[in-house]
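just to be clear, the model below is a prediction. Sequence and coordinates:
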Amino acid sequence: MSISDLYDSGFRKRNEDHFAAMVRIAMSDTVITEDEKKFLDRTARNLDISESDYKEILKDYQSHKINPPSTYENRLERLFDLARMVYADHELGDMQVVMLERLAVGLGFTVANVKYVVDKALSLVSERVDIDTFKEEVRLMNR
């Protein structure tokens, strides 16, 4: 196996785990709505998740680990995706917020400020800010 195969494999695994985290949020209220499905479909395409992997992840999303990104920048991008998943069906469910808080801790945000970070993330996403504004606003609140 070449180095590029190892890199590709690791990259794919991180994408699959990230996608599984989004499925976990969608399933936190036990059903995936049509809007959530559309968001998952679009995200799967962006993450290069194959149709067979998509189906497998839907069946067994809980077996995927949260692989925290090594950089703060990438953590913010993941948090942005996950927060958008919460709002994909235009409803904010209590279990979705709890799940997002757990996933945010898994991404490397501290337990001490995770509620604040998640509240800010959800507020920004509800305002439909772009990724750059999102990252800047979350960075500002952590200074």
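It's in.

now the helices for the chain?
3-26, 34-46, 51-59, 72-86, 94-107, 114-126, 131-141 (DSSP state H).

which one, of these, ends up nearest to residue 66?
helix 94-107 (3.4 Å; Cβ to Cβ). Placement of C-beta: from N, CA and C, glycine included.

so that closest one versus helix 114-126, what angle?
Taking axes from the mean of the first three to the mean of the last three Cα atoms, to 10 degrees, one finds that helix 94-107 is oriented at 110 degrees with respect to helix 114-126.

what separates helix 94-107 from the chain centre, distance-wise?
10 Å (Cα atoms, centre = their mean, to the nearest Å).

average pLDDT for it?
Averaging pLDDT along helix 94-107 yields 85.

circling back to that earlier point, in CSV: the helices of the chain, plus mean neighbour count.
Formatted as CSV, these follow (neighbours: other Cβ atoms under 10 Å):
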stretch, mean neighbour count
helix 3-26, 17
helix 34-46, 15
helix 51-59, 14
helix 72-86, 20
helix 94-107, 18
helix 114-126, 18
helix 131-141, 14
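
gap between the residue nearest the centre of the chain and residue 22?
Nearest to the mean C-alpha position of the chain, by Cα atoms, centre = their mean, lies residue 82 at 3.0 Å. As defined by Cβ to Cβ, to the nearest Å, residue 82 lies at a distance of 6 Å from residue 22.

cool, and residue 99?
Here residue 99 is placed at a distance of 10 Å from residue 22 (Cβ to Cβ).
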